[in-house]
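Trainee: got a structure for you, letters missing:
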Ligand SMILES: [Cu+2]
């Protein structure tokens, strides 16, 4: 068994897409470069292990559970049409005791100015799975600075379910804009949507599709990452959903979700995945169909939808298949991913009583959007970047939340307590049908809680004194959800 796995892994590496990864220790160059991922040339903000290799998406960062990541971000930006400072957020990591390395500009650090560097030095002791990174300075990530980040686990409990899991099984989805974010309008519509950095726009040239290569008979762990600033996507692969499974065999699981946002889940069979900005899913695809080419589809909710003219498509190509475009057709999804059907593989211990109101402290976070100012608010407070980052304000002697800027965005939490957050849905940008991703962070000292809302996302920075502090995060109607569903959400942020 081991020998055959090694053989197939070697074979797969020969049939690879050469997607070079960096990490856990690496220089991370941030540069301006003109690229045309959809056939339209524009200047962009890109990252690379070297200035020459800077690309969109940025380099895949990889490491192992337990690693100490040391990512030295070197700002060499020069293009004044976009932000020249930068800051990078490593999305999904708990950053225990290294809140300073979390990346949100004006919260945990000053932006890195051009000509300077900043070493993000953090440990990942107890997390594994699929993550990502992006600029966390205003809207800069929409100009290109984003990529995937995978933490492998030597003891992955799902390891027996797949044969191949490498750089080539990472699939990034992204929106792409033809104008720099600063001049693109308040809520711009993406001109195109990219799969692994390639795509087409309506009326544009017939640029090459991204090609994902597979070998018949192997099982692939694909790691799907939505790095978009805005859209969500309905992702599917022709011929590899439940429908085809019924036609072939009932033993195989061609499209099985096993991880959501860095948390192992109980296997869940699906035939399409709707994925929102910031979300990640691992799914196992069994390459069990006739050797050939199959369309990979990523239909956005905004921008030019559908697949006319090659939009929102990539190719799944079997080894020995001819090098030509697929002719496959989409079959209706009969088993889409429903997040409420996802459950953690191991049931976490529940803090407090896992019901609404079962925590020591309950805080309601009402997200609203002011159409006159075009600003998001949380409990009526907008986020305006303070001149001194919040973490630095604390280190400079600020003692209470009331002393911290921005006013109205910082909450005091007692240590060693269970905190329940309720984030009502239904408004623009709220968690139900979210427009943007939601970040919740946990770290330890001092007692601080801040919220932000800037254009694309909300972030919550928690600092508690107790390493064993647990979190309850509940949605609008927590009582209707099983506790483990609540905790899937809790632990995936
Ligand atoms: Cu993020």
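Mentor: Perfect, I can see it now. Being a predicted model, the structure only gives us computed values, none of them experimental.

Trainee: Could you name the helices and strands sitting against the strand or helix carrying residue 193?
Mentor: Applying DSSP states H and E as the criterion places residue 193 in strand 192-195. In terms of contacts (3 or more C-beta pairs under 8 Å, 6 or more residues apart in numbering; DSSP states H and E), strand 192-195 is packed against strand 170-176, strand 293-300. Where C-beta positions appear, they are placed from N, C-alpha and C, glycine not excepted.

Trainee: which stretches of the chain form helices?
Mentor: 2-14, 242-248, 390-395, 483-491 (DSSP state H).

Trainee: Without its sequence neighbours, what residue ends up closest to residue 398?
Mentor: Closest residue to residue 398 apart from its sequence neighbours, by C-beta to C-beta, 6 or more residues apart in numbering: residue 404 at 5.4 Å.

Trainee: For the one you found, grab the count of nearby residues.
Mentor: Using other C-beta atoms under 10 Å, residue 404 has 22 other residues around it.

Trainee: right, and it touches residue 397 too?
Mentor: No: checked against C-beta atoms under 8 Å, the pair residue 404 and residue 397 is beyond contact range at 11.1 Å.

Trainee: Tell me the residues that contact both of the two, please.
Mentor: Common neighbours of residue 404 and residue 397 (criterion: C-beta atoms under 8 Å, 6 or more residues apart in numbering): none identified.

Trainee: Return the set of residues that bridge with the nearest residue to residue 408 once chain neighbours are set aside.
Mentor: What sits nearest to residue 408 in space, not counting adjacent residues and going by C-beta to C-beta, 6+ apart, is residue 381, at 3.2 Å. Beta-bridge partners recorded for residue 381 (DSSP bridges): residue 378.

Trainee: my read: residue 381 touches residue 407, true?
Mentor: Yes: judged on C-beta under 8 Å, residue 381 makes contact with residue 407 at a distance of 7.2 Å.

Trainee: More neighbours: these two, which one.
Mentor: More crowded of residue 381 and residue 407, by other C-beta under 10 Å: residue 381, with 16 against 13.

Trainee: and the more buried one, how far is that from residue 370?
Mentor: Per C-beta to C-beta, to the nearest Å, residue 381 is found 11 Å from residue 370.

Trainee: For residue 87, which residues are in contact?
Mentor: Going by C-beta under 8 Å, 6+ apart, residue 87 touches 103-105, 109, 111-112, 118, 135-137.

Trainee: Out of those, which is nearest to residue 419?
Mentor: Comparing the contacts of residue 87 against residue 419 with C-beta to C-beta places residue 104 closest, at 19.8 Å.

Trainee: For that closest one, which non-adjacent residue is spatially closest?
Mentor: Per C-beta to C-beta, 6+ apart, closest to residue 104 is residue 136, 4.7 Å.

Trainee: Tell me which residues touch that neighbour, please.
Mentor: Contact partners of residue 136, counting by C-beta under 8 Å, 6+ apart, are 87-89, 103-105.

Trainee: do residue 337 as well
Mentor: Residue 337 touches 257, 268, 270, 272-274, 281, counting by C-beta under 8 Å, 6+ apart.

Trainee: returning to that earlier point: how much space separates the residue nearest to residue 408 from residue 406?
Mentor: From residue 381 to residue 406 the distance is 7 Å (C-beta to C-beta).

Trainee: just for the stretch 251-400 of the chain, where's the confidence low?
Mentor: For the stretch 251-400 of the chain, the stretches with pLDDT under 70 are 251-254, 349-350, 354, 356.

Trainee: tally of neighbours for residue 115?
Mentor: Residue 115: 11 neighbours (other C-beta under 10 Å).

Trainee: Just confirm residue 330 contacts residue 297, I think it does.
Mentor: Yes: Residue 330 lies in contact with residue 297 (C-beta under 8 Å); the separation is 6.2 Å.

Trainee: joint contacts of those two?
Mentor: 236, 238, 307.

Trainee: quick one, what contacts the closest residue to the second one other than its chain neighbours?
Mentor: Leaving aside its sequence neighbours, residue 238 sits nearest to residue 328 (C-beta to C-beta, 6+ apart; 3.8 Å). Under the criterion of C-beta under 8 Å, 6+ apart, the contact partners of residue 328 comprise 238-239, 292-295.

Trainee: circling back to that earlier point, would TSV of the shared contacts of residue 330 and residue 297 with distance to residue 347 be doable?
Mentor: Below are the shared contacts of residue 330 and residue 297 laid out as TSV (distance: C-beta to C-beta, whole Å):
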residue	distance to residue 347
236	30
238	36
307	40
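
Trainee: Which entries within those residues meet the buried criterion?
Mentor: Buried by 16 or more other C-beta atoms under 10 Å: 236, 238, out of the shared contacts of residue 330 and residue 297.

Trainee: which of the shared contacts of residue 330 and residue 297 lies closest to residue 185?
Mentor: Looking across these and measuring by C-beta to C-beta, the closest to residue 185 is residue 307, at 26.0 Å.

Trainee: which residue ranges form the strands in the stretch 1-150 of the chain?
Mentor: Here the stretch 1-150 of the chain has its strands, by DSSP state E, counting those that start in this stretch, at 21-22, 25-35, 42-48, 60-64, 68-75, 88-91, 117-123, 129-135, 146-152.

Trainee: Make CSV out of those and add mean pLDDT, distance to residue 339 and mean neighbour count.
Mentor: CSV is the format used below for the strands of the stretch 1-150 of the chain (pLDDT from 0 to 100; distance: least, C-beta to C-beta, whole Å; neighbours: other C-beta atoms under 10 Å):
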stretch, mean pLDDT, distance to residue 339, mean neighbour count
strand 21-22, 95, 29, 19
strand 25-35, 98, 32, 19
strand 42-48, 98, 30, 24
strand 60-64, 98, 25, 20
strand 68-75, 98, 29, 19
strand 88-91, 96, 18, 26
strand 117-123, 98, 28, 18
strand 129-135, 97, 16, 26
strand 146-152, 98, 21, 25
